[in-house]
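# make a model of this:
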Amino acid sequence: MNAASSMLLTVAVDLRMSPDELLDSLLVEQVGTSQFIQLTYTDTDPERATQVVNTVGQVSSERISETNATSNNITATVYEKAEVPSAPASPKPLRNGLLALVVALALSAALIEARRRVRMNEGRE
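From the prediction side, this is the model:
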């Protein structure tokens, strides 16, 4: 088992979830060209999402620091802990409602135009 798998298994056990369940909703991205990474976890429970991201960040930084302490002097530190959001990240009802309205108007216009063309073609016959 490699170091990443071992770390993933440790986090999953700590959070009482399967490694697959953890990976399905976890996104790890490098921030621009910096040496920072950003962890994003999507869950219906904001407290659980916060706990997952903070646990993954803490365990990862500890493992990276332990593994590289003697050979490369690399230290990983959690720069900013996740906090429970005050509002849901999604869904966004206003945006979704406006988008649905625009789509409905576009479909209505297309249907009206199609009916007009069919009637014009029927008149020619």
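# please make it C-alpha for all contacts and neighbour counts, starting now.
OK.
# how about stretch 56-76: buried residues?
Counting neighbours by 16 or more other C-alpha atoms under 10 Å, one finds that the buried residues in stretch 56-76 are Val56, Gly57, Gln58, Val59, Ser60, Ser61, Glu62, Arg63, Ile64, Ser65, Ala76.
# from Thr33, how far off is Thr55?
The spacing between Thr55 and Thr33, counted by C-alpha to C-alpha, to the nearest Å, is 25 Å.
# circling back to that earlier point, may I ask which two of the buried residues of stretch 56-76 are separated the most?
For those, the farthest-apart pair by C-alpha to C-alpha is Val56 and Ser65; their separation is 13.9 Å.
# quick revisit: out of Thr55 and Thr33, which sits in the busier spot?
Neighbour tally, Thr55 and Thr33, criterion other C-alpha atoms under 10 Å: the higher count belongs to Thr55, 19 against 7.
# contacts only, for that one.
Taking C-alpha atoms under 8 Å, 6 or more residues apart in numbering as the contact definition, Thr55 lies against Val11.
# could you verify that it is part of a helix?
Yes: the assignment for Thr55 (DSSP: H, G, I helix; E, B strand; the rest coil) places it in a helix.
# how far is the longest helix seen in the chain from where the chain is centred?
Using DSSP state H to assign secondary structure, the helix with the most residues in the chain is helix 93-124. Its chain's average C-alpha position is 34 Å from that of helix 93-124, according to C-alpha atoms, centre = their mean, to the nearest Å.
# secondary structure class for Leu39?
Three-state assignment for Leu39 (three-state DSSP): strand.
# is it true that it touches Leu27?
Yes: at 5.8 Å, Leu39 and Leu27 qualify as touching, with contact defined as C-alpha atoms under 8 Å.
# end-to-end on stretch 85-95?
When the termini of stretch 85-95 are compared using C-alpha to C-alpha, they are 19 Å apart.
# I'd like the mean pLDDT over that stretch, please.
Within the predicted structure, the mean pLDDT of stretch 85-95 is 77.
# pull the distance from it to the chain's centre.
With C-alpha atoms, centre = their mean, you get 14 Å for stretch 85-95.
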